[in-house]
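**Q** Next one to model:
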Amino acid sequence: MARELSALLTLPDFERAADSVLDAASWAYVAGGADTQLTVRANTEAFDQVWLRPKALGSVSDKPDTSVTVFGQRLDLPVLLAPTSPQRLLHDDAEIATARAAEASGSLSIVSTDSHHAFPKVAGSIEGGCWFQLYAYRSREDVAATIALAEDAGATALVVTVDASHAARRITTRRAGFRTPAHVDFGNLRSLGILTGAIPDGARIDRLPLTWEDLQWIRSRTGIRVVVKGILRAEDAQRCLDLGADGVIVSNHGGRQLDGAVPSLVALEQVAEAIDGRGLVLMDGGIRSGIHVVKALALGADAVCIGRPYLWGLGLAGQEGVEAVLDLLKEEIEDTLRQLGVDSVADIGPDFATRG
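**A** The predicted structure follows:
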């Protein structure tokens with residue numbers, strides 16, 4: 001398998017390879033978005049509108065420093081693994097393989113509430129920490145129990161997703177006839193008693209719509225870092241921090257919720273400017289290369305999250321496949337830094353990017 005993975009030279013290579021091994025319905029679930037998938041396409045196309053400005057006679061290092069520090073934790077590359085589910089569609093080890101790959105590659109995994117393996121099992125499979133992504137189900141009592149489960153298992157941050165309270169019109173998935181396979185489960189929801197019967201065909205259980213008051217309450221319930229995911233407006237980012245959040249993830253849920261939502265990269269600049277260093281700024285959506293990662297850093301992100309790309313690796317070769325995706329991104333980031341004339345991602349700022 002290692003030899004086969006080495007032949008994949010770009011993330012689109014991984015995408016095509018994963019498409020060839022997954023059944024059509026599962027691929028539609030992983031790859032698809034809402035309605036016409038305009039935002040799915042626009043997330044990636046937005047990077048084509050940003051141009052990099054190399055610095056002449058700059059870098060002399062053949063091995064630029066790609067590391068960043070996130071909430072005091074050093075990562076070997078500015079890439080985190082976004083919460084996705086159900087990962088069991090792609091590999092039996094699911095989130096355990098993802099978490100182990102992240103740790104081995106010097107990255108960090110954000111584990112979904114909807115994970116197949118319960119969070120304590122995932123967190124216990126690695127020595128370092130991982131973050132827990134929170135969906136709200138049924139009641140505040142259930143949300144409090146979910147937070148307690150994450151804290152007791154050692155989550156180092158809580159990622160509150162605020163853009164997926166309502167089900168989306170995922171037409172391609174419906175047309176492909178996707179049904180939740182029998183081997184897929186929701187381990188956290190089982191252990192908390194939130195799910196007692198069969199998983200619905202669309203792999204989704206009705207959620208509790210969140211309000212600003214709920215976010216403030218969630219902040220009051222935990223002593224660990226809180227990051228709000230699904231922010232596209234500068235004023236919303238500011239309000240999150242005003243309520244005590246430690247950072248935001250600029251995201252449109254990979255184009256899977258609102259078709260026509262602004263591309264994450266376009267929203268990033270305004271959000272980063274509004275936060276102005278008061279908190280962590282991450283972004284996800286459309287990243288398909290190390291060049292894209294550097295462009296996001298230049299526009300104000302402290303680091304980025306990827307979703308579909310690591311799922312492609314997971315589907316191809318489990319932990320080894322996810323590691324291969326992260327290794328490729330690190331290689332591409334290093335090359336981009338060398339070509340830009342800098343020795344470290346810390347040197348990347350707004351002067352390195354311009355819109356054409």
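**Q** okay, CA-based contacts and neighbour counts for the rest of this
**A** Will do.
**Q** Quick check: closest non-adjacent residue to the residue in the chain sticking out farthest from the centre.
**A** Residue farthest from the centre of the chain, counting by Cα atoms, centre = their mean, is L57 at 35.0 Å. Spatial nearest neighbour of L57, chain neighbours left out: G341 (6.6 Å); criterion: Cα to Cα, 6 or more residues apart in numbering.
**Q** Against P78, how distant is the one you found?
**A** Note on G341: its distance to P78, by Cα to Cα, to the nearest Å, is 18 Å.
**Q** More neighbours: which of the two?
**A** Between G341 and P78, counted using other Cα atoms under 10 Å, P78 has the larger neighbour count: 28 against 19.
**Q** Any idea how many residues pack against the closest residue to the more buried one other than its chain neighbours?
**A** When the adjacent residues along the chain are set aside, P78 lies closest to A303, with 4.6 Å between them (Cα to Cα, 6+ apart). Taking other Cα under 10 Å as the criterion, the count of residues near A303 is 25.
**Q** check contacts around A303.
**A** With contact taken as Cα atoms under 8 Å, 6 or more residues apart in numbering, A303 is in contact with V68, P78, V79, L80, V281, L282, M283, V293, A296, L297.
**Q** Do I have it right that S59 meets R338?
**A** Yes. With contact defined as Cα atoms under 8 Å, S59 reaches R338; the gap is 6.2 Å.
**Q** for D114, helix, strand, or coil?
**A** Secondary structure, DSSP: H, G, I helix; E, B strand; the rest coil: D114 is coil.
**Q** how close does the closest residue to D65 other than its chain neighbours sit to V70?
**A** Nearest residue to D65, sequence neighbours excluded (Cα to Cα, 6+ apart): S344, at 4.4 Å. Noted for S344: a distance of 16 Å to V70, by Cα to Cα.
**Q** out of those two, which sits in the more crowded spot?
**A** Higher neighbour count among S344 and V70: S344, with 19 against 16, using other Cα under 10 Å.
**Q** tell me the pLDDT at that one?
**A** S344 is assigned a pLDDT of 96 by the prediction.
**Q** How about residues contacting the longest strand along the chain?
**A** Counting residues, the longest strand found in the chain (DSSP state E) is strand 225-231. The contact list for strand 225-231 (Cα under 8 Å, 6+ apart) reads 156-163, 219, 237, 240, 244-253.
**Q** Show me the residues you listed that map onto strands.
**A** A157, L158, V159, V160, T161, G247, V248, I249, V250.
**Q** hey, what's the fifth one bridged with?
**A** Yep, that's T161 we're talking about. Applying DSSP bridges to T161 yields these beta-bridge partners: K229.
**Q** how near is it to D65?
**A** In this view, T161 and D65 are 31 Å apart by Cα to Cα.
**Q** which of those two has more neighbours?
**A** Between T161 and D65, counted using other Cα under 10 Å, T161 has the larger neighbour count: 23 against 18.
**Q** which residues touch the more buried one?
**A** Q133, L134, Y135, V228, K229, G230.
**Q** Now pLDDT, distance to Y29 and neighbour count too, for those residues, in a markdown table please.
**A** Formatted as a markdown table, those follow (pLDDT from 0 to 100; distance: Cα to Cα, whole Å; neighbours: other Cα atoms under 10 Å):
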| residue | pLDDT | distance to Y29 | neighbour count |
| --- | --- | --- | --- |
| Q133 | 98 | 20 | 26 |
| L134 | 98 | 21 | 23 |
| Y135 | 97 | 19 | 21 |
| V228 | 98 | 24 | 27 |
| K229 | 98 | 21 | 25 |
| G230 | 98 | 20 | 23 |
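**Q** would a markdown table of these with distance to Q257 be doable?
**A** What follows is the contacts of T161, written out as a markdown table (distance: Cα to Cα, whole Å):
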| residue | distance to Q257 |
| --- | --- |
| Q133 | 17 |
| L134 | 17 |
| Y135 | 15 |
| V228 | 16 |
| K229 | 13 |
| G230 | 10 |
